[in-house]
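Colleague: mind looking at a prediction? Sequence and model below.
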Amino acid sequence: MSTTTDARTAASASDDDPATARLAVPAARTRPSWGRRLVRGRPDDPAWVRPTYWLLLVASAATYLWDLGAAGWSNSFYAAAVQAGTQSPKAWLFGALDAPASITVDKPPAAIWVMALSGRIFGFSTWSMLVPEALMGVACVALVYALARRWSGPRTALAAGARHAAKPAPAQMFTGNNPDAMLVLCMVAAAYTTVRAVDAAGTRAGTWWLVAAGALVGLGFLTKQLQVALVVPALALVWLIVAPTTLRRRIGDLVAAGVAVVVSAGWYVVLVQLWPASSRPYIGGSTDNSLLELALGYNGLGRILGGEGNGGGGGRPRGGAPGAFPGGSGMATTPGGVGGGGMPGGPGGPGGGGPGGDFGGSPSPWRMLTSEFAGNASWLLPAGVVVLIAGLWFTRRAPRTDRPRALLLLGGAWMLVHTVVFSAMSGTIHPYYTVALVPGVAITAAAGASILWRERASLAARIVLAVTVVGTAAWSAVVLTQADWGLWLRWVVLAAGVLGAVGLLLPRFVARRAGALVVAVLALVGTVGASTAYAAVTAATPHSGSIVTAGPNPGMGGPGTGGAGRPDHGGRADRTRGGAPGGPGEQASPQLVALLQGAGTRWAAATTGAMNQAGLQLASGVPVMPVGGFMGSDPAPTLAQFQQDVAAGRIRYFIEGGGPGGGGMGGPGGGPMSRGTSGEISSWVTAHFTKIEVGGRTVYDLGRPLS
């Protein structure tokens, strides 16, 4: 970065650190070594800044890494794909659920690439799979700090990083194996590189930083497809408004970043499309074996509008026959357990509850404030909206390139776009999706509070700060009440919030250093005390399965769970059966595991749906074919393909399943979820092969046809 840019950036820093705000870097100044800056920080930083920063990172690492394997395989749907990726390069490349690569997960494989590479290096285990996810969480905290530090003072940066780390959604998702961890890392890294691009705007370095941001957005697409697009408006807005260069240069560099998005994501889409379909796995979740259709349909507009295999729009499971799973492909997160104990399509069950009823309730402007979503990420959301509006008002006369306001714009746009889209989604939405909202809220709250604190000589600024503090404390008490947890903590945060608000309204008191410190401590307890405690209990509680939410609830299981989603031994996933941590519990008795391990065929067995397949494969360590993919509704393999594999001796057993994704209610061909291709296969197996009982499970020996 040029000396001019250094001076411009330093001069526009927030006066939460007045010394930094007045500093301009002399051209002849010797820059400290990289190692010295890493340990000591910037030469002009107060002595307490770097130790506090390292304490923040250590605390984040401890939170994410402590007792990391307690939840077993976490979401066994993705764990099975990670395991397969450690056994087969093709399965790794495509993100297949099984080593022979019959069908993929319903997302692109970038997150699986990282976890599977770790498994190849260190051996496949819960730790080798989950440690990369935890380290991604620490990296997110560091990047939030770094980007805020460049455009505001160290206090703002530490506040933003701490507010990101002290939220329940990150504490949950950075200790699991869902792709959201890598998605958020791509988003935050893209925001950081955009900040670097703005600081170097008008130079070749600025262009390359913006291109890097585009490449990171493309990597986010290969992680969770179109969800990464929700951060793009914030990045583009900040670049177009704040970058200190000509409009023509800003537009040209933005186009270059767009090309980088297409290239970094498109190479894999082209690879999949050009690869002969007969020699690669079926693209799980798609209707036509296409990654592009999956992105635009099931993982794209289907999430917004419903249908396309998503709950709420009356859509059927992807690839299944009409009626294959009434109402959609999800499990409802209603009180009383998965589906509320209901049958598919019934009250509380998949498809119940009207549009959007499968997971997050009906679309509503208040969805982010409902019980399930509120405990994940809404703690500072109302405050973020307030300080965003107030901060923009107080900086209305600032220059276009003002950095503190730019930081507020970045976080505010990020926060608003995510909130609006999440609130309007009619398709599948889980409360844990809000982890992608957290960085925007954290940045907005920190940047807005910094601007208002700078204007604290104004009564209006102090009133807004006081209302924000007491309002956030009150909202925290509401969230704790909704969660029915830590009810005593309500009174602590309310008392701290009220006292902090009163202190803010006393100008002589906050003008003193001691008074300001007391007010700051009270305000912190009132605004982030409850969310920090809730994040701690979230990190300490093992969460497994595909339907998880923040807090002391260990999870609701559902498709993709390890151990049927049932907490055992004090809330930990069952490690006593199945031969592996977080294994499938009663689904894989020692007798069944031994049978699979002795099969000696390409696939030891086949079963309907990934819920059964993942548990069996993780427990035995040998490939199991997931007929029909995630919910057993994808048209892969076809009956003819399955018959060819059986005739060629590539599959030895077919294991009957029960429940969601397990071959229907009551056995092969016997339930609503086993219609379509997977139902045809189940019915054919039932009619033509010998049935045996192994460890309490019904198994068909495909090597012993009925006479």
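Modeller: Sure thing, it's come through.

Colleague: what about Ser33, distance to Pro507?
Modeller: From Ser33 across to Pro507, the span is 44 Å (Cβ to Cβ, to the nearest Å). Glycine gets a C-beta too; all of them are placed from N, C-alpha and C.

Colleague: between the two, which is the more surrounded one?
Modeller: Neighbours were counted for Ser33 and for Pro507 using other Cβ atoms under 10 Å; Pro507 has more, 13 against 10.

Colleague: how about the more buried one, nearest residue that isn't a chain neighbour?
Modeller: Excluding the flanking residues, the one nearest Pro507 by Cβ to Cβ, 6 or more residues apart in numbering is Arg462, at 7.1 Å.

Colleague: what strand or helix carries that neighbour?
Modeller: helix 459-483 (DSSP states H and E).

Colleague: report the buried residues of that helix.
Modeller: Buried positions in helix 459-483, judged by neighbour count with 16 or more other Cβ atoms under 10 Å: 461-462, 464-466, 468-477, 479-480, 483.

Colleague: please enumerate the strands of the stretch 201-350 of the chain.
Modeller: Taking DSSP state E, counting those that start in this stretch, the strands of the stretch 201-350 of the chain run over residues 333-334, 337-338.

Colleague: quick one on the thing from earlier: so which elements touch the helix holding Arg462?
Modeller: helix 371-377, helix 381-394, helix 438-454, helix 487-504, helix 507-511, helix 513-540 (3 or more Cβ pairs under 8 Å, 6 or more residues apart in numbering; DSSP states H and E).

Colleague: can you tell me the average pLDDT over it?
Modeller: Helix 459-483 shows an average pLDDT of 95 in the prediction.

Colleague: can you name the residues that contact the residue nearest the centre of the chain?
Modeller: Geometric centre of the chain, nearest residue: Asp180, 2.3 Å, by Cα atoms, centre = their mean. Shown in contact with Asp180 (Cβ atoms under 8 Å, 6 or more residues apart in numbering): 173, 224, 432-433, 435-436.

Colleague: would you mind measuring from it to Ala169?
Modeller: Taken as Cβ to Cβ, the span from Asp180 to Ala169 is 9 Å.

Colleague: return every residue with contacts to both of these two.
Modeller: 432, 435.

Colleague: what's the burial count for the closest residue to Val525 other than its chain neighbours?
Modeller: Using Cβ to Cβ, 6+ apart and skipping residues adjacent in sequence, the residue nearest Val525 is Ala496, 3.8 Å away. By other Cβ under 10 Å, 22 other residues sit near Ala496.

Colleague: tell me the pLDDT at Ala496?
Modeller: Ala496 is given a pLDDT of 96.

Colleague: please apply the same query to Ser674.
Modeller: Ser674 carries a pLDDT score of 47 in this model.

Colleague: in the stretch 501-650 of the chain, where is pLDDT below threshold?
Modeller: In the predicted model, the stretch 501-650 of the chain carries pLDDT under 70 at residues 554-587.

Colleague: returning to what we had before: ok, and the most crowded of the contacts of Asp180?
Modeller: Compared across these, Met173 has the highest neighbour count, 30 neighbours, by other Cβ under 10 Å.

Colleague: which pLDDT value belongs to it?
Modeller: Note for Met173: predicted pLDDT of 92.

Colleague: report the contact partners of it.
Modeller: Taking Cβ under 8 Å, 6+ apart, we find Met173 in contact with 133, 137, 180-181, 184, 432, 435.

Colleague: now do the phi/psi pair for it.
Modeller: Torsion angles at Met173 (phi, psi; degrees, to the nearest 10) stand at phi -80, psi -30.

Colleague: average pLDDT across stretch 122-136?
Modeller: The pLDDT scores in stretch 122-136 average 96.

Colleague: contacts for that stretch, please.
Modeller: 61, 64-65, 68-69, 72-74, 79, 82-83, 86, 114-115, 118-119, 121, 173-177, 181-182, 184-185, 581-582.

Colleague: many thanks, I have nothing further to ask.
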